[in-house]
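[1] let's see this in three dimensions:
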Amino acid sequence: MALTVNREVNRFVDQELRVFPVAASQHVFKGALVGVDRSDGYVRHLTAGDLFVGIAYEEMDNGAGQDGERSVRVYTEGDFILSIGGATQASIGSAVYATGDESVALTTTPGGSYVGTLVGLDSAGEGIVRLRPMATPQIEHAVNVALASLTTAATTNPVLIAQRPIKVLHAQVSFNTVPDAGLLDVGTDNSDPDEIVNAFNLAGLAPHTPTTLTLFGANVAAGQRIWAKVGQATSTAGVGGVLSIRYIELP
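    Below you'll find the predicted structure:
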């Protein structure tokens, strides 16, 4: 029912540390990424698919205990230096994910838990991550585009028009019948679209097998079109080609 008088609501003075009950048979080490097991609500060293809650302030061994018999204090805010592979200056502002309790990544591998935002680089392989526990990441979008392959000429295939600025997170390509020659380029220049993917050799694909593409660029301005150029095959054209791209819209 609606309030009819004033009331005082108790509150926490800060958000730096919180206490969480630890799942049975779990040993959480100091400095570990900590996640909630979605099936029972108890925390553990982060496992792929958990809801991220923070970084362990202390070690807590509940290896011989039952659910909630021990609790662990967890940092729930701040900027932390974590191991991260493949991050460059252009990665600043990207969402960060984890599938274990030690390191993070820029890509959402299956079951990845959203951890926060990359706000800086500390050294090679080390990034400064701003924690966003129990938060929802930017919504990912996906587009799947059929690719044409010919033995008579290269083909330029439209992929999408960016309604807002976007950041490409991941790209894959596959063919049912692999072309015997031809390079794949993806980008915003329809005559030479290589800003996102540059000169991937399609002849090296395995049939019916999606292959992850190396991204040479990721940011696309609002209003720009993305194209995929499939190089000319020699005697066997590719059949059933698909390009899959995952991306987020930027503010």
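[2] so what strands line up beside the lengthiest strand in the chain?
    For the chain, the strand that runs over the most residues, judged by DSSP state E, is strand 113-123. Strand 113-123 has the following strand partners under DSSP bridges: strand 95-98 (antiparallel), strand 126-131 (antiparallel).
[3] give the buried residues for that strand.
    Buried residues in strand 113-123, counted by 16 or more other CB atoms under 10 Å: 113-118, 121. The way it works is simple: take the backbone N, C-alpha and C, and place the C-beta from them, glycine included.
[4] same deal with stretch 64-82?
    Buried residues in stretch 64-82, counting neighbours by 16+ other CB under 10 Å, are found at 67-68, 70, 72-77, 80, 82.
[5] among these, name the ones in strands.
    Secondary structure from DSSP E places 72-75, 80, 82 of the buried residues of stretch 64-82 in strands.
[6] which one of those is nearest to Asn62?
    Among these, Val72 lies closest to Asn62 (CB to CB), at 8.3 Å.
[7] got a list of what the closest one touches?
    19-20, 22, 28, 34, 43, 56-58, 60 (CB atoms under 8 Å, 6 or more residues apart in numbering).
[8] that older thread, please identify the most buried of the strands paired with strand 113-123.
    Ranked by mean neighbour count under mean count of other CB atoms under 10 Å, the strands paired with strand 113-123 are led by strand 95-98, which reaches a mean of 24.
[9] average pLDDT for that strand, rounded please.
    What strand 95-98 shows for mean pLDDT is 90.
[10] picking that back up, of the strands paired with strand 113-123, which is nearest Ile245?
    Closest to Ile245 of the strands paired with strand 113-123 is strand 95-98 (CB to CB; 16.1 Å).
[11] break this protein down into its structural domains.
    14-136, 140-249 (automatic domain parsing).
[12] any idea how far apart the tips of the first one sit?
    Domain 14-136 has an end-to-end distance of 21 Å (criterion: CA to CA, to the nearest Å).
[13] what do you get for the last one?
    The first and last residues of domain 140-249 sit 8 Å apart, counting by CA to CA.
[14] then stretch 9-29?
    Its first and final residues considered, stretch 9-29 spans 34 Å by CA to CA.
[15] what are the buried residues along it?
    For stretch 9-29, burial by neighbour count (16+ other CB under 10 Å) applies to 18, 20, 22-24, 26, 28.
[16] contacts for stretch 156-168, please.
    Contacts for stretch 156-168 (CB under 8 Å, 6+ apart): 94, 141, 143, 145-148, 186, 190, 193, 196, 215, 217-230, 243, 245-251.
[17] can I get that stretch as PDB, trimmed to CA atoms?
    The C-alpha trace of stretch 156-168 is given here as PDB (Å, rounded to 0.1, in the frame of the first residue of the first chain):
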ATOM      1  CA  THR A 156      30.400  -7.000 -52.900                       C
ATOM      2  CA  ASN A 157      27.700  -7.900 -50.400                       C
ATOM      3  CA  PRO A 158      25.800  -5.400 -48.300                       C
ATOM      4  CA  VAL A 159      25.900  -6.200 -44.600                       C
ATOM      5  CA  LEU A 160      24.100  -3.400 -42.600                       C
ATOM      6  CA  ILE A 161      23.700   0.400 -42.200                       C
ATOM      7  CA  ALA A 162      24.700   1.700 -38.800                       C
ATOM      8  CA  GLN A 163      21.800   3.600 -37.400                       C
ATOM      9  CA  ARG A 164      24.000   4.800 -34.500                       C
ATOM     10  CA  PRO A 165      27.700   4.500 -33.900                       C
ATOM     11  CA  ILE A 166      28.600   0.900 -33.400                       C
ATOM     12  CA  LYS A 167      31.500  -1.300 -32.200                       C
ATOM     13  CA  VAL A 168      32.000  -4.700 -33.800                       C
END
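[18] can you tell me the closest non-neighbouring residue to Val119?
    Arg130 (4.8 Å; CB to CB, 6 or more residues apart in numbering).
[19] re the thing from before, got the contact list for the longest strand of the chain?
    Outside strand 113-123, the residues that touch it by CB under 8 Å, 6+ apart are 33, 35, 46, 48-52, 79, 81, 84, 87-89, 91-99, 104, 106, 127-133, 135-137.
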